[in-house]
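In: build me a model from this:
(2 chains)
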2 protein chains.
Amino acid sequence: MSKGITTRAEDYSQWYNDLVLKGGLADYSAVRGCMVIKPYGFALWENMQAVLDKMFKDTGHQNAYFPLFVPKSFLEKEEGHAEGFAKECAVVTHYRLKANPDKKGTLMVDPDSKLEEELIIRPTSEAIIWNSYKDWIQSYRDLPLLINQWVNVVRWEMRTRLFLRTAEFLWQEGHTAHATAEEAVEETKRMLEVYATFVEQFMALPVIRGVKSISERFAGAIDTYCIEALMQDGKALQAGTSHFLGQNFAKAFDVKFLNKENQQEYVWATSWGVSTRLIGALIMAHSDDNGLVLPPRIAPVQVVIVPIYKGDESKPVIDAKANEIISALKLAGIRVKYDNNDNTRPGWKFAEHELKGVPIRLAMGLRDLDKNVVELARRDTKEKQHVSLQGLDGFIVKLLDEIQQNLFDRALVYRKEHITIADKWEEFVKILNEKGGFVSAHWDGTAETETEIKEKTKATIRCIPLNNPQEEGKCILTGKPSKERVLFAMAY
Amino acid sequence: MSKGITTRAEDYSQWYNDLVLKGGLADYSAVRGCMVIKPYGFALWENMQAVLDKMFKDTGHQNAYFPLFVPKSFLEKEEGHAEGFAKECAVVTHYRLKANPDKKGTLMVDPDSKLEEELIIRPTSEAIIWNSYKDWIQSYRDLPLLINQWVNVVRWEMRTRLFLRTAEFLWQEGHTAHATAEEAVEETKRMLEVYATFVEQFMALPVIRGVKSISERFAGAIDTYCIEALMQDGKALQAGTSHFLGQNFAKAFDVKFLNKENQQEYVWATSWGVSTRLIGALIMAHSDDNGLVLPPRIAPVQVVIVPIYKGDESKPVIDAKANEIISALKLAGIRVKYDNNDNTRPGWKFAEHELKGVPIRLAMGLRDLDKNVVELARRDTKEKQHVSLQGLDGFIVKLLDEIQQNLFDRALVYRKEHITIADKWEEFVKILNEKGGFVSAHWDGTAETETEIKEKTKATIRCIPLNNPQEEGKCILTGKPSKERVLFAMAY
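Out: Modelled structure (predicted):
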């Protein structure tokens, strides 16, 4: 196959789009800003979902499903929340179409079907969920309430990018209710750590755990915790957020409980979410100019076997051997694919599986089989080697772990090299524009300065790292006193 | 606990609502016609999803995700489809809210954000999916295309019922593309059989496989295959449908492929779906006046263990034994819950788990443990027995299968007793009104007669069973010649 992938050096952004489209992960749709997640991309998402879902359940959460629609008046109830989401809401105003009398064969909105109150397609579900929690929570015995849902949400973004920023996206949103602030904060941090563990151990992507500055907080939150990852072009990407919502939503929706002292008290809340955006992060973190590079633990196909037939008599011999290997690999829990499609040649298949980021490729030809070996190619390093058929399954299990670790290590080295300390403004700007990555700098703690820095450089405060060392210094822009450094970066 | 469940004899419909609400399966929401699926109900759905998803994948299908929105003009393209769904469409007309200048603190739809073309929330996804298939299919090598998605859909129903008919519901929809009509018909039938197998073997609910009459066909289909189940009140419920769509959508969206003879040809299509409606069927098929009765294979909790503490010293002894049993049951793959909540008494717990339909309950008290037995109660028959602790796990594995089979057998007996042959109109009407169930009667094959029967009796033709015996007869209403009997019933 001819890949026709733009290189990163040529045009990073086009390279990304090429990988998504040609790698078969997603496609544009006819609806502005909405994408189609194709089977290969969805299989990746399913693997990610399965791991996360288990982690949520292991930490005591249950799944549920709340309505797609949020009445407009619900969105209004929490002021900050309303301000944050009003500008990007898809609004349902009618519930019926009818035949257009002026143009045969077409439909028009039936004006008689106007809704009394407009419905918003959920951009997030705090409002609709807390309206239910009001009925579900009466006493401290009903707490904590630990619920998650896997759903689609819509935010009408003006500039969209496949996976990274789409008008509709898939995500999970956890919404928990607690009897005390301490317990809610603990939950907020616990879920941040769940996300960090998932992204690091399964997506092989190191993250920085931190807290957002006030201006970057979730609309309606008291505190927003986040994990920030670094992409190969030096831009940061927020990979997950976990919010301590205080009593904001309990007050907005009047959710009180009888505490152990027999007093009415407002409930404490958290919410946390990760989305299909993570797939964008995954692509940009590990892939190269030949295509996707997927971490073994979530790759839809971990091992692909390509038979190299020479003449008809080689087919049954190779097929038999391949089936043996496939059985052994499946028994070891490995996702393996036998690409014995007759329509394409081995070279085409090699390129295809390279493009799709399959971690290990085995090429099986008669000459090798006679020597009791196969040719194995690693996607991450592109190294090839001949490996004995004896104990091949064990070898592969170990190698998959090694590849997983290698991807993480590589990304970690890159990130370490791309956290730069800056103490002077010119230096700060230069790093942002030339080297990229995170810049660790002092900040006077005001929103005004944050905005001015953003206007001057396009960089934002990605986070104030957790357990941040306290250190006296002067704000990079204003020179005013500061007691800790924060991380700035250009970001997706 | 005080259950307060209406009995079936008193008010069947209220009994159903009581089970859904008090059983913790779902709740009403603030949005007209939309429900909240609560954690217990969602766990049930997850178990059903897991089985079905595996069956889909085992038959070669892959999951994907297509946009929530369907442009209005897409819906227009297939005429029958448009007519069928236009009347119940939620329509997005704007994409932004703004502060209402006339009323501080409230939001209004921003008139400047009117969409050029209205977007419909998908009532089903043929239109948006076939628009993508146009780009994905060029040659016979791209076929068959076997895709499924698990999503929410919206149909603006005027009269809604929890699970049975809601404005928003969850479902899966398979959409496949084929090179020949034969292959598409084969797929249609294959998926009907997957549904039938699932409903019978996992939901313990016998179904009749059949074909719909023309008037009951899916809007846009050439043939609609269905499975029909019978509820305890004698009403039928359509539990799943599989449609042969012919070339209707391929023509509407101009999807052609180059066949092996190098000629352009329109693609053949199928679609098939089951929804959260199945949960309604499940409830009505097996439950009783004490609450839900859930089939073991999909029950969120299969075995609940209730400790009967007498004094503080009994606690560690009982807990230790319970944990032993739990480990053994988990090892055997059984979903077990230990209800050692201190806030409620055993009697309350018994009633609660009965209400929730847990198939097996174990009560563990010291006196029994001394004799090396536990008290086991079956939810389906309400029988209690003392069972030896030796080999308890094996006993339970077997018993769960027995309960599963018993539920199926019971439902099958009921259904067999409720398929009644009628040859005279008075008889036909009497059976429908008094006995209920399916009535097997001759029909002249015309839509007019079908409509007239529906108007006179409210009964519809549920299906023409597959492999229906051919038999000369006279239409139950018109007396005109007929060559086979069809099944009529009142239906959900």
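
In: list the buried residues in the lengthiest helix in chain A.
Out: Criterion DSSP state H: the longest helix present in chain A is helix A:392-417. Buried residues in helix A:392-417, counted by 16 or more other CB atoms under 10 Å in any protein chain shown: A:392-393, A:396-397, A:399-400, A:403-404, A:406-408, A:410-411, A:414-415. All C-beta atoms are positioned from the backbone trio N, CA, C, and that covers glycine.

In: try stretch A:469-482
Out: Residues A:473-478, A:482 are the ones in stretch A:469-482 that count as buried (16+ other CB under 10 Å).

In: just stretch A:301-320 next, same as before
Out: A:301-309, A:314, A:318.

In: what's that stretch in contact with?
Out: A:296, A:322, A:325-326, A:329, A:334-340, A:346, A:349-350, A:353, A:356, A:358-366, A:369, A:396, A:400 (CB atoms under 8 Å, 6 or more residues apart in numbering or on different chains).

In: over to stretch A:106-119?
Out: Applying CB under 8 Å, 6+ apart, the contact partners of stretch A:106-119 are A:69-73, A:91-100, B:31, B:72-73, B:75-76, B:82, B:86, B:90-91, B:93, B:109, B:118.

In: make a markdown table out of the buried residues of stretch A:469-482 and add distance to B:R277 and pLDDT.
Out: Output for the buried residues of stretch A:469-482, formatted as a markdown table (distance: CB to CB, whole Å; pLDDT from 0 to 100):
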| residue | distance to B:R277 | pLDDT |
| --- | --- | --- |
| A:G473 | 62 | 97 |
| A:K474 | 65 | 97 |
| A:C475 | 60 | 98 |
| A:I476 | 59 | 97 |
| A:L477 | 59 | 97 |
| A:T478 | 62 | 97 |
| A:S482 | 59 | 97 |
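
In: filter these down to the ones in strands?
Out: A:473-474, A:482 (DSSP state E).

In: what is the nearest of these to chain B?
Out: Closest to chain B out of those is A:S482 (35.3 Å), distances taken as CB to the nearest CB.

In: contacts only, for the residue nearest to the closest one when sequence neighbours are not counted.
Out: What sits nearest to A:S482 in space, not counting adjacent residues and going by CB to CB, 6 or more residues apart in numbering or on different chains, is A:H442, at 3.8 Å. By CB under 8 Å, 6+ apart, A:H442 lies in contact with A:423, A:473-476, A:482, A:484-486.

In: dump the residues you listed into CSV; add distance to B:S275 as well.
Out: Shown next, in CSV, are these (distance: CB to CB, whole Å):
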residue, distance to B:S275
A:D423, 61
A:G473, 59
A:K474, 62
A:C475, 57
A:I476, 56
A:S482, 57
A:E484, 53
A:R485, 53
A:V486, 49
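
In: which residue ranges of the stretch 1-150 of chain A form strands?
Out: For the stretch 1-150 of chain A, the strands defined by DSSP state E, counting those that start in this stretch cover A:26-28, A:35-37, A:62-63, A:69-71, A:91-94, A:97-99, A:107-109, A:114-121, A:145-154.

In: compare the ones you listed and give me the one nearest B:T460.
Out: strand A:97-99 (25.3 Å; CB to CB).

In: each with direction, which strands does that closest one pair with?
Out: If you go by DSSP bridges, strand A:97-99 pairs up with strand A:107-109 (antiparallel).

In: give me the beta-bridge partners of A:Q264?
Out: A:L258.

In: so where's the stretch 351-492 of chain A uncertain?
Out: Along the stretch 351-492 of chain A, no part satisfies pLDDT under 70.

In: element containing the closest residue to chain B within the stretch 251-400 of chain A, please.
Out: Using CB to the nearest CB, the point where the stretch 251-400 of chain A gets nearest to chain B is A:N343, with a distance of 6.1 Å. Remark: A:N343 resides in no helix or strand, with elements defined by DSSP states H and E.

In: any idea how far A:L146 lies from A:H175?
Out: 9 Å (CB to CB, to the nearest Å).

In: now A:G41
Out: 27 Å.

In: same thing with A:I222?
Out: Applying CB to CB to A:I222 and A:H175 gives a distance of 15 Å.

In: more neighbours: those two, which one.
Out: A:H175 (28 against 19; other CB atoms under 10 Å in any protein chain shown).

In: neighbouring strands of whichever strand or helix holds the more buried one in the sheet, and parallel or not?
Out: A:H175 belongs to strand A:168-178 when assigned by DSSP H and E. Next to strand A:168-178 in the sheet, as set by DSSP bridges, lie strand A:145-154 (antiparallel), strand A:268-275 (antiparallel).

In: quick one: mean pLDDT for the shortest one?
Out: It refers to strand A:268-275. Strand A:268-275 shows a mean pLDDT of 98.

In: near chain B at all, the helix or strand just after it?
Out: Downstream of strand A:268-275, the next assigned helix or strand under DSSP H and E is helix A:277-286. No - in terms of CB under 8 Å from any CB of the partner chain, no part of helix A:277-286 sits within range of chain B; the closest distance is 11.6 Å.

In: quick one: helix A:277-286 to strand A:268-275, angle?
Out: Relative orientation of helix A:277-286 versus strand A:268-275 (axes from the mean of the first three to the mean of the last three CA atoms, to 10 degrees): 50 degrees.

In: A:N468 and A:R485 touch, don't they?
Out: Yes - with contact defined as CB atoms under 8 Å, A:N468 and A:R485 form a contacting pair (7.2 Å).

In: between these two, who's got more neighbours?
Out: When neighbours are counted by other CB under 10 Å, A:R485 comes out ahead of the other of A:N468 and A:R485, with 22 against 16.

In: contacting residues for A:Y28?
Out: By CB under 8 Å, 6+ apart, the contact set of A:Y28 is A:35-36, A:162.

In: any idea how far it is from A:Q14?
Out: 14 Å.
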